[in-house]
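1. this is the structure alone, sequence omitted:
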């Protein structure tokens with residue numbers, strides 16, 4: 001009985017190895033990659049003067065639109081499992097009141113490392129760089145804006161569905177934190193969480 005189960009296991013393993021090798025050959029990465037993503041921000045907020053203000057709080061009284069996120073990435077394939085490149089991520093939310101708009105936005109420009117433990121499918125990514133928060137309010141006399149620059153970090157997980165030779169459709173969940181110079185009235189720090197779909201070419 002044990003011999004039968006061992007034989008069955010060897011057959012399954014033997015059949016799976018050629019398929020895995022074939023899949024990896026079919027999905028061989030190129031020397032560089034590029035991609036972009038679109039989705040939503042599950043949360044976005046900043047801290048200033050000891051208070052935490054969410055995008056929704058700041059737009060209280062406005063007819064608010066949904067929080068949106070966007071991502072652009074380009075870089076090099078270091079190994080079949082590891083990518084290193086430039087990553088731009090932004091979250092924003094707008095609102096309208098009596099025909100006048102207001103927008104809050106956080107942007108990151110990061111150096112990003114992406115690693116696929118199994119070469120494809122599940123991946124983790126992490127990086128850091130420069131960040132900026134921007135708030136713009138339209139008034140009858142013109143726009144009023146305020147901004148702060150600083151540094152930030154990001155960590156995320158996701159899954160890549162390999163479609164065709166080079167195209168990947170990905171699902172991404174990222175968490176990012178930012179810190180700013182402590183100018184009076186400006187945010188000390190901020191954070192956001194994004195969930196988005198990516199379209200990547202490897």
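-> Now that the structure is in, tell me what you want to look at. Model, not experiment: these values are computed from the prediction. Numbering: from 1, shown residues only.
2. where does the chain dip in pLDDT?
-> Scanning the chain for pLDDT under 70 picks out 1-27.
3. state which strand of it is the longest.
-> strand 142-163 (DSSP state E).
4. which helices and strands does the helix or strand that that one is followed by pack with?
-> Using DSSP states H and E, the next helix or strand after strand 142-163 towards the C-terminus is strand 167-180. The contact analysis (3 or more C-beta pairs under 8 Å, 6 or more residues apart in numbering; DSSP states H and E) places strand 167-180 against strand 32-48, strand 100-115, strand 122-139, strand 142-163, strand 189-201. In short, each C-beta sits where N, CA and C put it, glycine included.
5. nearest to residue 64, of these?
-> Nearest to residue 64 among the helices and strands packed on strand 167-180 is strand 100-115 (9.5 Å), distances taken as C-beta to C-beta.
6. now do the contacts for the residue positioned nearest the centre of the chain.
-> The chain has residue 174 as the residue nearest its centroid, 4.8 Å off, counting by C-alpha atoms, centre = their mean. Counting by C-beta atoms under 8 Å, 6 or more residues apart in numbering, residue 174 makes contact with 89, 125, 154, 155, 156, 193, 194, 196.
7. out of those residues, which end up buried?
-> 89, 125, 154, 156, 193, 194, 196 (16 or more other C-beta atoms under 10 Å).
8. biggest separation within those residues, which pair?
-> 125 and 193 (14.4 Å).
9. what's the closest non-adjacent residue to the residue nearest to the centre of the chain?
-> Leaving aside its chain neighbours, residue 174 sits nearest to residue 156 (3.6 Å; criterion: C-beta to C-beta, 6 or more residues apart in numbering).
10. perfect, that will be all.
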